[in-house]
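> Need a 3D model of the sequence below.
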Amino acid sequence: MVQNLKKEHTVLRDEVNSITTDSFLGSEVFSALQDLSTEHEHLKRKHNEECEVLKKKYLEECSERKRLYNEVIELKGNIRIICADSSRKQFKFDHVFRPEDNQEVGFVQTSPVVTSLLDGYNMCIFAYGQTGTGKTFTMEGTPENRGVNYRALEELFRISNQRSSVMRYVLFVSMLEVYNEKMRDLLTESSDQPSKKQVLFSSSL
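The predicted structure follows:
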């Protein structure tokens with residue numbers, strides 16, 4: 001839309017500049033057009049100046065929002081244990097899911113981490129628990145009902161595209177399996193090969 005407006009402005013400017021006194025019966029109309037053109041250029045400069053001021057304020061507000069937002073996420077993510085004495089510990093939870101909660105509800109509680117990641121913070125989402133408690137389903141889900149990891153990638157793409165006009169992102173992915181205290185790279189064909197990373201997405205300015 002902005003580009004179309006710029007094109008229209010250029011066409012109108014060229015038309016005005018091409019007008020001479022010979023185009024009209026009197027010089028009064030030509031003088032009026034020149035005044036309008038001067039006023040237009042003045043308003044254009046004023047508009048550009050105001051845009052720069054608003055842009056500066058917007059960037060300052062974004063920076064402050066980012067700082068406060070990630071401060072909240074950091075506080076929520078830290079494990080807090082209140083020890084009344086040496087034999088008793090009190091844990092605090094940010095959220096407790098109900099049995100009927102679905103994958104989308106679970107991801108809502110972790111989606112802020114994705115924004116923090118693109119803000120430049122190191123983040124981690126992982127499932128921990130005994131065998132058979134639903135860790136794999138929570139993280140992977142099914143093709144019809146995606147889990148946290150797929151939803152997190154979709155959110156990464158969405159925010160990256162949203163910010164593509166002001167920021168360039170290159171996303172890499174690595175897949176590791178930790179089982180029985182052994183780590184295996186799932187992107188390599190054998191354990192003898194070095195670890196691999198694959199480029200998922202690259203946005204350009």
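> longest helix anywhere in the protein?
Of all the segments of type helix in the chain, defined by DSSP state H, the longest one is helix 27-77.
> Could you find the closest non-adjacent residue to the most centrally placed residue in the chain?
Nearest to the geometric centre of the chain sits Ile159, at 3.0 Å (C-alpha atoms, centre = their mean). Using C-beta to C-beta, 6 or more residues apart in numbering and skipping residues adjacent in sequence, the residue nearest Ile159 is Leu118, 5.4 Å away. Any C-beta I mention is one placed from the backbone N, CA and C, and that applies to glycine too.
> where does the chain dip in pLDDT?
Applying pLDDT under 70 to the chain flags residues 1-9, 12, 15-30, 77-91, 190-205.
> Mind jotting down where the strands sit in it?
81-85, 88-91, 170-173, 176-179, 182-185, 198-202 (DSSP state E).
> The residue nearest to Ile159 contacts Leu156, correct?
Yes: shown here, Leu118 and Leu156 form a contact pair, counting by C-beta atoms under 8 Å, at 7.0 Å.
> before we move on, the earlier item: the longest helix of the chain - contacts with which helices or strands?
Using 3 or more C-beta pairs under 8 Å, 6 or more residues apart in numbering; DSSP states H and E as the contact criterion, the elements in contact with helix 27-77 are helix 2-17, helix 111-118.
> which residues sit against the shortest one?
I take that to be helix 111-118. When contacts are defined by C-beta atoms under 8 Å, 6 or more residues apart in numbering, helix 111-118 is touched by residues 69-70, 73, 77, 123, 125, 151-152, 155-156, 159-160, 163, 169.
> okay, now Leu117: neighbour count?
By other C-beta atoms under 10 Å, 19 other residues sit near Leu117.
> err, Asn161, not the other one
12.
> Same check on the one 4 residues further on?
Here the neighbour count serves as a burial measure; for Ser165 (other C-beta under 10 Å) it reads 8.
> now Met175
Neighbours of Met175 under the rule other C-beta under 10 Å: 14.
> Surely it is in contact with Met183?
No: the pair Met175 / Met183 is not scored as a contact, 11.2 Å apart, by C-beta under 8 Å.
> So for these two, which residues contact both of them?
Taking C-beta under 8 Å, 6+ apart as the contact criterion, Met175 and Met183 have no common neighbours.
> Roughly how far does Arg184 sit from Leu176?
Distance, Arg184 to Leu176, by C-beta to C-beta, to the nearest Å: 7 Å.
> for Arg13, same thing?
Arg13 is 59 Å from Leu176, by C-beta to C-beta.
> Among those two, which residue is more densely surrounded?
Taking neighbours as other C-beta under 10 Å, Arg13 and Leu176 compare with Arg13 leading, 14 against 10.
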